[in-house]
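Colleague: After the sequence you'll find the predicted model.
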Amino acid sequence: MSASPLVKTILILAANPRGTTTLRLDEEVREIEEGLRRGQQRDRFVLKQRWATRALDIHRAILYETPQIVHFCGNASTEGLVLEDEFGCAAPVSCDALAGLFRVFSDEVECVLLNTCYCQAQAEAISRHIRTVIGINQAVGDKTSIHFAVGFYDALGAGRDMVDAYQLGCTTIEMASADKAIKPILLRSSSLVDQEFEDSSSPSSQHDLIESAKQSSASETIRFNTLQNIPAPQTPEFFDRDQPIERLHQLLQSHNLVVITTDTVGTPGVGKTELAIQYSQKSLQTYSGGICWLFPKQLTLGTQIIEFFRVQFPEIEPPPADLTLVSQVAYCWKQWPKGLVLLVIDDLVNYEEIQSYLPLNNSRFKILITTREHLRVPRSQQLSLGGLPKEAALELLGCLLGKELIQREASLAEKLCAFVGYSPNGLHLVAAQADARFLEKNGC
């Protein structure tokens with residue numbers, strides 16, 4: 001491998017074809033530019049961009065710009081990275097094609113970042129030839145992708161190495177993103193990283209790389225959410241929800257499908273998702289076949305199920321591509337490893353749109369739905385939530401803002417709880433926007 005240049009080129013390849021989800025790719029690139037510009041090591045990086053990227057544009061751009069870091073932003077599917085064709089329509093690029101491409105440029109490219117949904121397979125294929133590859137193995141929102149890019153490039157601009165930059169990107173998601181459960185994967189091949197020891201001019205960074213390699217096997221892979229992809233909880237304790245958790249468990253033992261809803265249709269923020277998260281985390285041993293968390297608002301449910309199956313069970317042959325999406329999902333249910341399985345469908349709007357994907361007649365699969373809508377499900381299969389009791393709401397507010405402050409401003413704290421209807425999410429919003437000075441000087 002050739003020596004690493006003192007000035008590194010970052011090549012941004014962006015694509016948002018017609019008919020795919022509209023993304024704020026310009027905002028992502030702007031944040032990358034800003035992070036590098038503000039960094040102490042900004043003179044070490046040059047940023048190059050290609051928009052409306054087609055398959056042929058990739059090798060041309062790499063040949064012309066000779067980048068050390070290649071950053072893809074846009075969409076991906078089970079077929080591969082989604083670029084554009086000559087008409088601006090979606091044109092997936094297969095894993096094998098990407099791997100073959102980066103094999104040619106393995107001497108120049110040090111890192112590939114796939115900042116798109118469902119790209120673990122592509123990341124793994126590329127990592128056979130590139131020393132550092134980062135990808136995401138689940139659905140990811142636009143803002144979450146941007147938050148990771150912010151942390152990653154802020155760290156690079158400050159002179160940190162790839163691993164530190166990756167860790168800061170993940171931390172930025174946890175601190176700033178609504179999708180706090182999203183955990184990108186970092187793939188590093190120690191056989192390629194060995195070359196980095198010779199290329200590094202910094203003794204401290206060389207020492208870090210050597211220590212990292214000592215802890216790794218032939219192929220070091222940092223993975224997250226094995227056999228489950230449960231989002232992180234918003235509170236360390238789910239106040240006054242122990243009884244609903246037990247009730248929820250009883251319902252799921254008696255029924256294949258259970259719905260967490262609200263006392264009033266359309267009411268947000270009463271803790272439906274949080275209850276599902278806490279139940280899932282407490283029930284990992286119960287569901288030995290896995291816990292699959294699905295987000296119907298982000299991507300077609302069938303696609304999410306297939307990708308979870310493919311990523312979590314790589315030893316099983318994936319569903320044949322020539323089958324319909326519904327048939328591919330049915331194949332996954334049939335081939336799913338033994339054990340009780342929990343499927344969580346979070347914030348559902350239209351049940352009819354997803355019904356054909358669900359294993360409703362298989363008692364091994366338990367289906368848990370959270371929704372603000374009224375679904376045509378028997379009352380016996382529903383768990384309805386309202387706001388927290390007053391004391392539990394005050395306890396939660398004390399946890400968020402400090403118990404001493406709440407005790408000192410007890411009257412104001414009670415007004416705040418009542419103002420948000422004792423809603424857990426409402427109390428989190430209050431805590432996020434309020435500071436001690438505001439609470440001491442202002443009422444509702």
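Modeller: Thanks, I have the structure now. Bear in mind the structure is a predicted one, so any value in this text is a computation, not a measurement.
Colleague: I figured residue 375 was touching residue 369, is that so?
Modeller: Yes. Residue 375 is within contact range of residue 369, at 7.2 Å (criterion: C-beta atoms under 8 Å). C-betas here are computed from N, CA, C, even on glycine.
Colleague: and residue 280, what is it in contact with?
Modeller: By C-beta atoms under 8 Å, 6 or more residues apart in numbering, the contact list for residue 280 reads 228, 230, 287, 291, 293, 342, 344.
Colleague: Now, those that are in strands?
Modeller: 291, 293, 342, 344 (DSSP state E).
Colleague: Let me see the ranges of the helices in the stretch 51-200 of the chain.
Modeller: For the stretch 51-200 of the chain, the helices defined by DSSP state H, counting those that start in this stretch occupy 55-65, 95-104, 120-126, 142-157, 162-176, 190-199.
Colleague: now for those helices, which one comes closest to residue 405?
Modeller: With C-beta to C-beta, the closest approach to residue 405 among the helices of the stretch 51-200 of the chain belongs to helix 162-176: 22.2 Å.
Colleague: same for that closest one, what does it pack against?
Modeller: In terms of contacts (3 or more C-beta pairs under 8 Å, 6 or more residues apart in numbering; DSSP states H and E), helix 162-176 is packed against strand 132-135, helix 142-157, strand 185-189.
Colleague: hang on, the earlier thing: looking at the helices of the stretch 51-200 of the chain, which is closest to residue 312?
Modeller: Using C-beta to C-beta, the nearest of those to residue 312 is helix 120-126, at 10.1 Å.
Colleague: for the protein, which residue is closest to the average position?
Modeller: The geometric centre of the chain, computed from its C-alpha atoms, lies nearest to residue 182 (C-alpha atoms, centre = their mean), at 2.3 Å.
Colleague: does that residue really touch residue 143, like I thought?
Modeller: No. In this structure, residue 182 is not within contact of residue 143 by C-beta under 8 Å, at 10.4 Å.
Colleague: one step back: quick one: closest of the helices of the stretch 51-200 of the chain to residue 318.
Modeller: Among those, the nearest to residue 318 by C-beta to C-beta is helix 120-126 (9.3 Å).
Colleague: Can you tell me what sits against the closest one?
Modeller: Around helix 120-126, the neighbours that count as contacts under C-beta under 8 Å, 6+ apart are 76, 80-81, 95-96, 98-99, 102, 112, 114, 133-137, 185, 187, 310-311.
Colleague: Tell me the buried residues within those residues.
Modeller: The neighbour count (16 or more other C-beta atoms under 10 Å) marks 76, 80-81, 95, 98-99, 102, 112, 114, 133-137, 185, 187, 310-311 as buried among those.
Colleague: Downstream of the one helix or strand residue 398 maps to, the next helix or strand is which one?
Modeller: Using DSSP states H and E, residue 398 sits in helix 390-401. Downstream of helix 390-401, the first helix or strand assigned by DSSP H and E is helix 403-408.
Colleague: Buried by neighbour count: which residues of that next one qualify?
Modeller: For helix 403-408, the neighbour count (16+ other C-beta under 10 Å) marks 405-406 as buried.
Colleague: The very next helix or strand once past it packs against which elements?
Modeller: Counting by DSSP H and E, the next helix or strand C-terminal to helix 403-408 is helix 410-419. Contacts defined by 3+ C-beta pairs under 8 Å, 6+ apart place helix 410-419 against helix 390-401, helix 424-433, helix 436-441.
Colleague: Lowest average pLDDT across those?
Modeller: Least confident of these, judged by mean pLDDT, is helix 436-441 with a mean of 46.
Colleague: residues in contact with residue 357?
Modeller: Each residue near residue 357 by C-beta under 8 Å, 6+ apart is listed here: 301-302, 305, 326, 329.
Colleague: what's the spacing between it and residue 336?
Modeller: Separation of residue 357 from residue 336 (C-beta to C-beta, to the nearest Å): 13 Å.
Colleague: ditto for residue 346
Modeller: Residue 346 is 20 Å from residue 336, by C-beta to C-beta.
Colleague: Quickly note the distance from residue 184 to residue 158.
Modeller: 19 Å.
Colleague: Looking at these two, which one has more neighbours?
Modeller: The neighbour count for residue 184 versus residue 158, taken as other C-beta atoms under 10 Å, is higher for residue 184 (26 against 17).
Colleague: Nearest to residue 23 among the contacts of residue 280?
Modeller: residue 293 (22.2 Å).
Colleague: Surely the closest one touches residue 368?
Modeller: No. Using C-beta under 8 Å, residue 293 makes no contact with residue 368, being 9.6 Å away.
Colleague: Mutual contacts of those two, please.
Modeller: By C-beta under 8 Å, 6+ apart, the residues touching both residue 293 and residue 368 are residue 344.
Colleague: follow-up on the earlier one: and the ones in strands among the contacts of residue 280, which is closest to residue 260?
Modeller: Proximity of the ones in strands among the contacts of residue 280 to residue 260 (C-beta to C-beta) peaks at residue 344, which lies at 9.6 Å.
Colleague: Make sure the closest one is actually in contact with residue 290.
Modeller: No. Taking C-beta under 8 Å as the definition, residue 344 is not a contact partner of residue 290, at 11.1 Å.
Colleague: between these two, who's got more neighbours?
Modeller: residue 344 (24 against 21).
Colleague: show me where the stretch 201-350 of the chain has helices.
Modeller: Remark: helices assigned in the stretch 201-350 of the chain by DSSP H, counting those that start in this stretch are 203-214, 242-254, 272-282, 301-312, 325-335.
Colleague: and the second one, what does it pack onto?
Modeller: The reference is to helix 242-254. Counting contacts by 3+ C-beta pairs under 8 Å, 6+ apart, helix 242-254 packs against strand 257-262, helix 272-282, strand 365-371, strand 382-385.
Colleague: please redo it, this time with the cut-off set to 7 Å
Modeller: strand 257-262, helix 272-282, strand 382-385 (3 or more C-beta pairs under 7 Å, 6 or more residues apart in numbering; DSSP states H and E).
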